[in-house]
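Q: sharing a sequence plus its predicted fold:
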There are 2 protein chains.
Amino acid sequence: MKKAPTIRDVAAAAGVSVSVVSRVLNPESGPVAPAKREQVLRVIGELGYRPRAAARELSAGHALTVGLVVADLANPFFAHLADRVVWEARSHGVQVVVMTTQEDPHLEADSLDTLLDRSVGGVIATPTGGNIEKWERLRDLGVNVVFVDRTIPELEDVDVVSIENSDSARRATEHLIALGHTRIGLITGPTSTSTGQARIEGYRTALENASIVVDPMLIRDVPFRGDGGGDAVGSLLALPDSPTGLIVANTAQVQSSVRRLVQVGVRIPDELSVIVFDDNPWTELTNPPLNVIRQPIDMLAVHSIELVLGRMQGRLPAGARRIEVKADFVPRNSSAPLIRSAAS
Amino acid sequence: MKKAPTIRDVAAAAGVSVSVVSRVLNPESGPVAPAKREQVLRVIGELGYRPRAAARELSAGHALTVGLVVADLANPFFAHLADRVVWEARSHGVQVVVMTTQEDPHLEADSLDTLLDRSVGGVIATPTGGNIEKWERLRDLGVNVVFVDRTIPELEDVDVVSIENSDSARRATEHLIALGHTRIGLITGPTSTSTGQARIEGYRTALENASIVVDPMLIRDVPFRGDGGGDAVGSLLALPDSPTGLIVANTAQVQSSVRRLVQVGVRIPDELSVIVFDDNPWTELTNPPLNVIRQPIDMLAVHSIELVLGRMQGRLPAGARRIEVKADFVPRNSSAPLIRSAAS
DNA sequence: TACAAAAGTGGAACCGGTTCCACTTGGCCC
DNA sequence: GGGCCAAGTGGAACCGGTTCCACTTTTGTA
């Protein structure tokens, strides 16, 4: 097990001082004579010298690292998001430390402490909704925070990147209304989350615009974890006047919901028109392929990284940015016009 | 933006030297009088002191961090693996820096350099197959490497955690043979990878045991990236004597392959019996639900972390460990007995 | 040619931990 | 009561970078 060369080894071998080597490494920090620069670069190549990140971090007080805090990498949405974030970060020479919360505020708090210890320059997170003081403290300590996908209403001065949740839900609902459906079930995330609220709002708007009375029984807010989606499907279908349309607007519960639909054997789209939030690799492999609201994950990732790095480099004006990107509605074959009382 | 307290602040506030505080933090490094320990802990609590990881790393020469190098977090297998690795690492107080290679050796080399700069204590990776010298150099510099899922034959002294690839392929093949199939297509990863080789080997073994002649035309090794799976499906089905059974043993190409099957409209299992490698969230949502070889991802993650941390703490004997875990065959409804010449 | 400004250089402090080592206490035993 | 060993403590060096500052050498201009 060899020992890696340090900046002093390089300086000695090149016959210059460490200051010069350091300035070769960080050109903006001072001038170096062209000849010496060459010389130093040559020695660096020969020795295979690479600066230790830890030393730089210690001196700089913060790391060229961002934390990514998501619920769960087993969820394809977060996995895909993480993939893009890692990719975008790499193109900026930044590393990503990934932590998962499992939607548990305690684990989230823990993750934030850990990231704080690591002096990360920024954090990109889908917050659980708790830990408000902790997020504030993080920001007070100079860590740049960007919320992605969701937000926390109380934290007004945090940057947010999300999709147009309300608008997307409205469009999905309008699609079903246009097909003649009036009893439309909605499965969302908890009403304590911004996405849950916004999607319900969009759903209501669409119904109210069409003068359809909103039946609270048709709205199910279920937790992100567990099998609440399937249960909601079950109880919606068991309703005396069961819905003919269903919007699953909880990305973490799509799988559970669809599994139940398959188990129960409802005929889609004949008996039930379905639209789900978020395009997964498999939504076009089901029978029939599902209509989806596709979140532009690439855009979410790009904007998040841009924001967090922009803040880290101090080249963004003060004041929170709220970026909302449009989500596409992808029509496939899981919705059909309502056949009036065909079932009775 | 406040400034976080340092160990010297704590020492001053507690009326002791930094040495004492350090010893309170790392009990094994020396004795502290119980009274002072209390005192120090109290001050730490009051000040909200947290040690900077960078300082510790610089001093220790290595970080309490492991690198996870996978192809692509958009692939559910890797995503799930990453999820479990992050989870297991957390329970040991270790952070995970995730890097993706997109199966490109250059990006892989780059990732390794970056991880080296960060002085990570270990790396868990699914190697692309290239960069042999780089992996060796990494190990020479004291970074503990564990390959997961795949391996590189040339690197004999690296720990490996994988499933019983050959055995799994053999069992899948035997399942189809038992149903009467003799023309069985196999889609694997590149033959340059250990998994590709081992799975082909298992497939051949099963066929040879059953005295079925191996038709090389039925074996398709396709790259992990791109749409090779779908293309292979297309050309296999276009064969004059097309297969009645198909094993997709390339996790990254399952989606592409199944998509093509759906597009072409082959009736499964009537016209084609299918088994795919790796259980995804969606394999039971397709029509019909797919028979799968389920990789015990939790086990892979647990063993990988155990190995890498064990090495980091020097509590593992020298010599490479090769851990092979059994993969389950999960029968669902995508295979059926061969109906002799029913199609002709 | 003279002199100010700019370019180039090296020494040393600093970031915040860990650890070695020398030193002071105290308890125990003979 | 003297001597010894262990427990407890603090000072200071060290890890490997960055950066400030003082100093020397150019360069440009009057």
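A: Received it, and whenever you're ready, just let me know what you need.
Q: can you tell me the SS state at the nearest residue to residue A:208 once chain neighbours are set aside?
A: Nearest residue to residue A:208, sequence neighbours excluded (Cβ to Cβ, 6 or more residues apart in numbering or on different chains): residue A:214, at 7.0 Å. C-beta: built from backbone N, CA, C; applies to glycine. Here residue A:214 is recorded as coil under DSSP: H, G, I helix; E, B strand; the rest coil.
Q: from chain B, how far out is residue A:214?
A: Counting by Cβ to the nearest Cβ, to the nearest Å, the gap from residue A:214 to chain B is 30 Å.
Q: phi and psi next, for the one residue in the stretch 1-150 of chain A that gets nearest to DNA strand D.
A: The nearest approach of the stretch 1-150 of chain A to DNA strand D comes at residue A:7, 2.8 Å away (Cβ to the nearest atom of the strand). Backbone geometry at residue A:7, expressed as degrees, to the nearest 10, gives phi -60, psi -30.
Q: can you name the residues that contact it?
A: Contact partners of residue A:7, counting by Cβ atoms under 8 Å, 6 or more residues apart in numbering or on different chains, are A:18, A:21, A:22, A:25, A:49, A:51.
Q: test my guess that the residue nearest to residue A:208 contacts residue A:207.
A: Yes - under the criterion of Cβ atoms under 8 Å, residue A:214 makes contact with residue A:207 at 5.2 Å.
Q: tell me who's in contact with the residue nearest to residue A:208.
A: Residue A:214 neighbours (Cβ under 8 Å, 6+ apart): A:204, A:207, A:208.
Q: count the neighbours of residue A:240 for me.
A: Per other Cβ atoms under 10 Å in any protein chain shown, the neighbour tally for residue A:240 reads 5.
Q: residue ranges of the helices in chain A, please?
A: A:7-14, A:18-25, A:34-47, A:53-60, A:76-91, A:105-117, A:132-140, A:165-178, A:194-209, A:228-237, A:254-264, A:297-312 (DSSP state H).
Q: out of those, which is closest to residue A:69?
A: Distance to residue A:69, taken as Cβ to Cβ, is lowest for helix A:105-117 among the helices of chain A, at 5.3 Å.
Q: that closest one - contacts with which helices or strands?
A: strand A:63-70, strand A:95-100, helix A:132-140 (3 or more Cβ pairs under 8 Å, 6 or more residues apart in numbering or on different chains; DSSP states H and E).
Q: ok, the single nearest residue of the stretch 151-300 of chain A relative to DNA strand D - how many residues close by?
A: Nearest residue of the stretch 151-300 of chain A to DNA strand D: residue A:159, at 25.2 Å (Cβ to the nearest atom of the strand). By the criterion of other Cβ under 10 Å, residue A:159 has 24 neighbours.
Q: for residue A:319, same thing?
A: 7.
Q: gap between it and DNA strand C?
A: 28 Å (Cβ to the nearest atom of the strand, to the nearest Å).
Q: dihedrals phi and psi, the nearest residue in space to that residue that is not next to it in sequence?
A: Counting by Cβ to Cβ, 6+ apart, residue A:319 lies nearest to residue A:157, which is 7.4 Å off, once chain neighbours are set aside. Backbone torsions for residue A:157, taken as degrees, to the nearest 10, come to phi -100, psi 30.
Q: stretch A:213-232: end-to-end distance?
A: This stretch, stretch A:213-232, spans 21 Å end to end (Cα to Cα, to the nearest Å).
Q: hmm, back to that, and the residue nearest to residue A:319, what pLDDT?
A: Per-residue pLDDT puts residue A:157 at 91.
Q: so what's it up against?
A: Residue A:157 touches A:139, A:319, A:320, counting by Cβ under 8 Å, 6+ apart.
Q: could the contacts of residue A:7 go into TSV alongside neighbour count, pLDDT and distance to chain B?
A: What follows is the contacts of residue A:7, written out as TSV (neighbours: other Cβ atoms under 10 Å in any protein chain shown; pLDDT from 0 to 100; distance: Cβ to the nearest Cβ, whole Å):
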residue	neighbour count	pLDDT	distance to chain B
A:18	14	96	16
A:21	27	96	16
A:22	17	96	16
A:25	17	96	12
A:49	18	96	11
A:51	17	96	7
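Q: okay if I get the residues you listed as JSON lines plus distance to residue B:118?
A: Formatted as JSON lines, those follow (distance: Cβ to Cβ, whole Å):
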{"residue": "A:18", "distance to residue B:118": "21"}
{"residue": "A:21", "distance to residue B:118": "20"}
{"residue": "A:22", "distance to residue B:118": "19"}
{"residue": "A:25", "distance to residue B:118": "16"}
{"residue": "A:49", "distance to residue B:118": "15"}
{"residue": "A:51", "distance to residue B:118": "11"}
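Q: between those, which sits nearest residue A:278?
A: Using Cβ to Cβ, the contacts of residue A:7 come closest to residue A:278 at residue A:51, 41.0 Å.
Q: the closest one contacts residue B:117, doesn't it?
A: Yes - contact criterion Cβ under 8 Å: residue A:51 and residue B:117 qualify, at 6.7 Å.
Q: what bridges to the residue of the stretch 151-300 of chain A closest to DNA strand D?
A: residue A:146 (DSSP bridges).
Q: show me chain A divided up by domain.
A: A:7-51, A:61-163+A:297-327, A:165-294 (automatic domain parsing).
Q: and residue A:341, what pLDDT?
A: pLDDT recorded at residue A:341 is 51.
Q: repeat that for residue A:295.
A: Reading off the model, residue A:295 has pLDDT 94.
Q: tell me who's in contact with residue A:327.
A: Residue A:327 neighbours (Cβ under 8 Å, 6+ apart): A:163, A:164, A:168, A:293, A:294, A:295, A:296.
Q: distance to DNA strand C added to those residues, as CSV?
A: Formatted as CSV, the contacts of residue A:327 follow (distance: Cβ to the nearest atom of the strand, whole Å):
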residue, distance to DNA strand C
A:163, 39
A:164, 42
A:168, 45
A:293, 46
A:294, 45
A:295, 40
A:296, 40
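Q: residues touching the closest residue to residue A:276 other than its chain neighbours, list them.
A: Nearest non-adjacent residue to residue A:276, counting by Cβ to Cβ, 6+ apart: residue A:248, 4.3 Å away. Residue A:248 sits next to A:187, A:229, A:254, A:257, A:258, A:274, A:275, A:276, A:277 when contact means Cβ under 8 Å, 6+ apart.
Q: how long is stretch A:87-99 from one end to the other?
A: End-to-end distance for stretch A:87-99, by Cα to Cα: 17 Å.
Q: chain center to it, what's the gap?
A: Its chain's C-alpha centre and that of stretch A:87-99 lie 14 Å apart, by Cα atoms, centre = their mean, to the nearest Å.
Q: who's in contact with it?
A: Outside stretch A:87-99, the residues within contact range by Cβ under 8 Å, 6+ apart are A:64-70, A:73, A:82, A:85-86, A:111, A:114-115, A:118, A:120-121, A:301-302, A:304-305, A:309, B:65, B:82, B:86, B:90, B:95-100, B:110, B:114, B:118.
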